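> Below are the sequence and a predicted model; questions follow.
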Amino acid sequence: MNVYMSVDMEGITGLVDHTHVSSDKHNYERGRIIMTEEANAVVTAAFDSGCKEVLVNDSHSQMNNLLIEKLHPETKLISGGVKPYSMVQGLDETFDGAFFVGYHARASMKGVMSHSMIFGVRNMYINDVAVGELGFNAYVAGYYGVPVLLVAGDDQAAQEAEVLIPNVTTAVVKETISRSVAKSLTPEKSIQLLKKKTEEAIHNKKKVQPLTPPEHPTLRIEFANYGQAEWASLMPGTIHEVDTTIVRFEARDILEAYRAMLVMTELAMRTTFC
């Protein structure tokens, strides 16, 4: 069995605000150590369960957070920014299952540090289905026929995954109190839980079907302010819906929709707030 693993940071145990996940803040170095330990717990359990290959994609911010020297020696790691497919770089039909670790809830929803790619996104839709990073990434996996077997993060990310992906295995390492407060497991307990849930996910792999995306999806992104929508609509092929902050894009397939989303959100971040 070959496993693809996308690792974000906001859903890691004990990390509750931007000081833990921003590289210029005082708690970041602690955060990346805990992130690496959690990722390695899943990787190690996967290999111990008989997996032949585990490809890990660092999926947070500049995507250079994981400490490669602390990972299982058989791990392969994709690290660094400006990836054509961002959080799902390297994912293709050669994998038997995908794991999403350190994940959080989508924008506008309850959850620790909930957001969708950037903090300027209010909502994101594939056709009429509201998605965040978790849902969009699961659709890309489904395009390749790869089921998402494990989602680890806070309780709200787990609930989001269970709605989208029947029979998915979830590992809740912290419970949401507010967007910047959580009741967390200690790293030691989190590692024990993640190893157990990884084994469970692999054992139950035949019960999970890929999240198949629509053939010609419509991507709609609702931004927080009008300026962000103006910037996003500069991308050729987009339609800025009249008198709204929603920008629409008709895609050939989910891969084109994903790359369009990356460009639109990058453009939206150019908005000034003065």
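That came in fine, so what should we check first? Residues are numbered from 1 along each chain as shown.
> Go ahead and confirm I165 touches G142.
No - assessed by C-beta atoms under 8 Å, I165 is found out of contact with G142, at 9.2 Å. Backbone N, C-alpha and C define where each C-beta goes, glycine included.
> can you confirm L234 is in a helix?
No - under DSSP: H, G, I helix; E, B strand; the rest coil, L234 sits outside any helix and is assigned coil.
> Grab the nearest non-local neighbour of it.
L267 (5.9 Å; C-beta to C-beta, 6 or more residues apart in numbering).
> Please identify which helix or strand holds that neighbour.
helix 254-268 (DSSP states H and E).
> That helix - contacts with which helices or strands?
Helix 254-268 makes packing contacts with strand 121-126, helix 133-143, strand 218-223, helix 226-232, strand 246-250 when contacts are defined by 3 or more C-beta pairs under 8 Å, 6 or more residues apart in numbering; DSSP states H and E.
> what about 10 Å?
In terms of contacts (3 or more C-beta pairs under 10 Å, 6 or more residues apart in numbering; DSSP states H and E), helix 254-268 is packed against strand 121-126, helix 133-143, strand 218-223, helix 226-232, strand 238-240, strand 246-250.
> Near P166, how many residues? Count them for me, please.
As a burial measure, P166 scores 10 neighbours (other C-beta atoms under 10 Å).
> Could you list the low-pLDDT ranges of the stretch 151-274 of the chain?
Residues of the stretch 151-274 of the chain that meet the criterion pLDDT under 70 lie in 272-274.
> Would you tell me which strand is longest in this protein?
strand 169-178 (DSSP state E).
> Direction included, what does the helix or strand just after that one pair up with?
Sequence-wise, the next helix or strand downstream of strand 169-178 (DSSP H and E) is strand 181-184. With DSSP bridges as the test, strand 181-184 is paired with strand 169-178 (antiparallel).
> coming back round to it: for the longest strand of the chain, buried residues please.
Buried positions in strand 169-178, judged by neighbour count with 16 or more other C-beta atoms under 10 Å: T169, T170, A171, V172, V173, K174, T176.
> which of those lies closest to K52?
Distance to K52, by C-beta to C-beta, is smallest for T169 among the buried residues of strand 169-178, at 20.0 Å.
> show me the residues around the closest residue to D92 other than its chain neighbours that make contact.
Sequence neighbours aside, Y144 is the residue nearest to D92 in space, at 5.4 Å (criterion: C-beta to C-beta, 6+ apart). Residues near Y144 by C-beta atoms under 10 Å, 6 or more residues apart in numbering: Y4, V88, L91, D92, E93, T94, F95, A98, P210, I254, L255.
> which among those residues gets closest to D128?
When the contacts of Y144 are compared for distance to D128 (C-beta to C-beta), I254 wins out at 14.9 Å.
> Check whether that closest one really touches P214, as I assumed.
Yes - counting by C-beta atoms under 10 Å, I254 does reach P214; the two are 7.6 Å apart.
> quick one, which of those two is more surrounded?
I254 (24 against 15).
> And for the closest residue to the more buried one other than its chain neighbours, the neighbour number?
Among residues not flanking I254 along the chain, P213 sits closest, at 3.9 Å (C-beta to C-beta, 6+ apart). Using other C-beta under 10 Å, the number of residues around P213 comes to 23.
> which residues does P213 contact?
So P213 contacts 126-127, 129, 136, 138-143, 251, 253-255, 257-258 (C-beta under 10 Å, 6+ apart).
> Now, of the contacts of Y144, which are buried?
Burial by neighbour count, 16+ other C-beta under 10 Å: within those this picks out Y4, V88, L91, F95, A98, P210, I254, L255.
> Which of the residues you listed fall within strands?
Using DSSP E, the buried ones among the contacts of Y144 in strands are Y4, A98.
> between the buried ones among the contacts of Y144, which is nearest V21?
Among those, and counting by C-beta to C-beta, the member closest to V21 is V88, at 19.6 Å.
> Make sure A141 is actually in contact with G97.
Yes - assessed by C-beta under 10 Å, A141 is found in contact with G97 at 8.7 Å.
> is it true that H216 touches F249?
No - with contact defined as C-beta under 10 Å, H216 does not reach F249; the gap is 11.3 Å.
> Counting neighbours, go ahead and name the busier of these two.
A count of neighbours by other C-beta under 10 Å puts F249 above the other of H216 and F249, at 22 against 13.
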